[in-house]
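Trainee: Mind looking at a prediction? Sequence and model below.
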Amino acid sequence: MTSVILLGPPGAGKGTQAARIAERLGIPAISTGEIFRTNMAEGTEIGLQAKAYMDRGEFVPDSVTNAMVQARLSAPDAAGGFLLDGYPRNVEQARVLASMCEDLGQSIDLVLEIEVDEDEVVARMLKRAEEQHRADDTEPVMRHRLEVYHQQTEPVAAFYADHDLLEVVDGTGSIDEVTARIFAVLDRLEGR
Ligand code: ADP
């Protein structure tokens, strides 16, 4: 298994689990949200384009995001596979990703959806807001991000279910418990 997509609402703990899965599989973890935040901090053109959308909890336009992902997936360290966290976030991005993979001679092998209910996710984001002071972690912006998730990203799970790639994992409990559930899925798929 080489390339994996991680899906789940904001606050589901994707970033934490992404690092662990990537380490186990020996592939880079690629987070579009992280790349945007780095670009914002460095004041690059992409950062300037993304900032207004991110601050409102809106998606950065697909043209910007897709081009950025295309460049990242073409880097040498992604040649043997990659883990995507935060992309694709709508069905159009999923379609674009499929054609990028085709061009790169890669394929998506697994889509893991981390499931956490809405109240739990809001509680976690409020806690993160206190700790990290992220500009998009205020309650109204969080609620909006969740709404956008339901509208735009949930259909991505259905898209991959249609392709028989989707595995859903319960995201409640401790970080280690969630990792254990994910690793059990990987064990099963690797035939261990
Ligand atoms: P979270 O998982 O908490 O939603 P992320 O770090 O994944 O946080 O994303 C933060 C913000 O970055 C999003 O609300 C959005 O504005 C922007 N972003 C990240 N990935 C994408 C994407 N694939 N398409 C459009 N916008 C994105």
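Mentor: Yep, that arrived. Residues are numbered from 1 along each chain as shown.
Trainee: quick one: Glu92 and Pro61 touch, right?
Mentor: No - with contacts counted by CB atoms under 8 Å, Glu92 stays clear of Pro61, the gap being 10.8 Å. C-beta here means a position set from N, CA and C on the backbone, and glycine is covered the same way.
Trainee: which residue sits closest to whichever residue of the chain sits closest to the ligand in space, ignoring its chain neighbours?
Mentor: Across the chain, no residue is closer to the ligand than Gly33, which sits at 1.8 Å (CB to the nearest ligand atom). Spatial nearest neighbour of Gly33, chain neighbours left out: Gly86 (4.7 Å); criterion: CB to CB, 6 or more residues apart in numbering.
Trainee: List the contacts of Asp55.
Mentor: Contact analysis of Asp55 by CB atoms under 8 Å, 6 or more residues apart in numbering lists 135-136, 141.
Trainee: and the closest residue to Gly26 other than its chain neighbours, what is it in contact with?
Mentor: Leaving aside its chain neighbours, Gly26 sits nearest to Gly80 (7.6 Å; criterion: CB to CB, 6+ apart). Gly80 makes contact with 2, 26-27 under the criterion CB under 8 Å, 6+ apart.
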